[in-house]
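Enquirer: just the structure for this:
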Amino acid sequence: MLDVVRLRVLLAVARRGSLTAAAKELHYSQPSVSHHLARLEAETGAKLVQRAGRGIRLTEAGRLLADRAADIIGRLDDAAEELASHVGLRSGRVRLAAFPSALGTFVPKTATRLALDHPGLRLEITEAEPPEALRLLRAGRVDVAVMFRYDDTAPEDNGIQMVHLLDDPSYLIHTGPQDDLTELAEHAGAAWIGGCDRCRLHLLDICAKAGFAPRITFTSDDIVAVQALVAAGMGVTVLPGLALRAHRHPDVSADLIPGSTRHVHAAVHGDPPHPPATQALLSALRESL
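Expert: Below is the predicted model of the structure:
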């Protein structure tokens with residue numbers, strides 16, 4: 001039987017890339033980390049790590065076991081949290097991943113609501129764009145992932161339940177006069193500023209539907225920097241409403257783009273009923289909108 005402590009050691013080495021960094025993360029000595037890896041190799045009969053210059057790297061077998069270890073340990077941690085949460089939500093933690101404009105708008109209200117309703121429950125927050133948030137959720141490293149998707153976004157894996165929170169319209173951000181009847185094609189010749197991977201794909205899609213391919217000259221998911229660049233005449237961009245609620249530069253105009261809406265969801269692993277701590281977080285999210 002595989003030893004869970006040794007799986008945690010392998011996972012730390014995979015995450016940190018060295019014995020020294022893994023030992024620091026786990027609060028072990030480096031010889032202790034080396035011992036656990038050697039014992040794990042003996043248990044599995046497989047070579048899991050190999051020298052690479054002055055450091056080490058995982059072998060193919062090591063990477064395979066580390067991937068499985070992430071799932072196993074995530075589920076074990078989930079079980080521990082579920083047991084703790086059943087004690088009247090008086091203690092324990094619940095973990096949330098969310099994208100930046102959610103963190104800048106309704107997530108702080110969620111934290112306040114959760115603290116009022118369940119003062120013994122500790123909320124841990126990680127900033128992550130949707131693909132990374134879903135990876136954290138699948139690995140059991142977060143309990144809820146606040147994410148967004150567009151109508152043309154590929155569906156998520158089986159086993160992920162999507163709880164709809166809100167629909168978030170898109171806006172063309174530029175320096176011209178405000179025009180509720182603006183068309184994307186009017187800016188076909190402009191320089192465009194792209195956002196995160198999912199947003200950039202959506203930008204390409206809506207521009208293609210408008211009959212042109214945008215000339216993307218700069219990419220950033222920093223909504224403050226993007227709006228400052230637009231205000232400086234460096235290009236135009238598309239931003240969702242939540243981003244404008246989180247920050248609005250005084251020198252840009254925002255025109256609603258009809259038919260361009262992203263859907264914001266809270267993603268959880270598995271079907272209800274959810275653990276009490278997870279359900280408490282979902283309720284706090286809905287009440288904060």
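
Enquirer: state the mean pLDDT of the helix or strand containing residue 237.
Expert: Per DSSP states H and E, residue 237 falls inside strand 236-240. Taken as a whole, strand 236-240 has a mean pLDDT of 97.

Enquirer: who does it pair up with?
Expert: With DSSP bridges as the test, strand 236-240 is paired with strand 160-174 (antiparallel), strand 191-194 (parallel).

Enquirer: dump these to JSON lines, plus mean pLDDT.
Expert: Formatted as JSON lines, the strands paired with strand 236-240 follow (pLDDT from 0 to 100):
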{"stretch": "strand 160-174", "mean pLDDT": "96"}
{"stretch": "strand 191-194", "mean pLDDT": "97"}
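
Enquirer: need the contact list for residue 59.
Expert: Listed by C-beta atoms under 8 Å, 6 or more residues apart in numbering, the contact partners of residue 59 are 46, 47, 48, 49, 50. Where C-beta positions appear, they are placed from N, C-alpha and C, glycine not excepted.

Enquirer: ok, and the most crowded of those residues?
Expert: The most crowded member of those, judged by other C-beta atoms under 10 Å, is residue 48 (23 neighbours).

Enquirer: backbone dihedrals for that residue, please?
Expert: Per-residue torsions, residue 48: phi -100, psi -30 (degrees, to the nearest 10).

Enquirer: and the pLDDT at it?
Expert: Value for residue 48, per-residue pLDDT: 89.

Enquirer: before we move on, what about residue 183?
Expert: 85.

Enquirer: my read: it touches residue 212, true?
Expert: No: Residue 183 lies out of contact with residue 212 (C-beta atoms under 8 Å); the separation is 10.7 Å.

Enquirer: buried stuff in stretch 61-73?
Expert: Neighbour-count burial for stretch 61-73 flags 62, 65, 66, 69, 70, 72, 73 (criterion: 16 or more other C-beta atoms under 10 Å).

Enquirer: quick one: contacts of it?
Expert: Contacts with stretch 61-73, where a contact means C-beta under 8 Å, 6+ apart, come from 4, 7-8, 10-11, 13-14, 44, 46-49, 58, 138-141.

Enquirer: mind running it again at 10 Å?
Expert: The contact list for stretch 61-73, computed with C-beta atoms under 10 Å, 6 or more residues apart in numbering, reads 2, 4, 6-15, 37, 40-41, 44-50, 56-59, 135-136, 138-141.

Enquirer: okay, and which of those residues map to strands?
Expert: Using DSSP state E, the subset of the contacts of stretch 61-73 located in strands is 49, 50, 56, 57, 58.

Enquirer: including distance to residue 204, could those residues go into CSV?
Expert: Formatted as CSV, the ones in strands among the contacts of stretch 61-73 follow (distance: C-beta to C-beta, whole Å):
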residue, distance to residue 204
49, 41
50, 41
56, 40
57, 36
58, 35
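
Enquirer: roughly how far does residue 206 sit from residue 238?
Expert: Residue 206 sits 7 Å away from residue 238 when distances are taken as C-beta to C-beta, to the nearest Å.

Enquirer: let's have the strands paired with strand 236-240 in JSON lines, adding mean neighbour count and distance to residue 94.
Expert: Below are the strands paired with strand 236-240 laid out as JSON lines (neighbours: other C-beta atoms under 10 Å; distance: least, C-beta to C-beta, whole Å):
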{"stretch": "strand 160-174", "mean neighbour count": "18", "distance to residue 94": "15"}
{"stretch": "strand 191-194", "mean neighbour count": "22", "distance to residue 94": "33"}
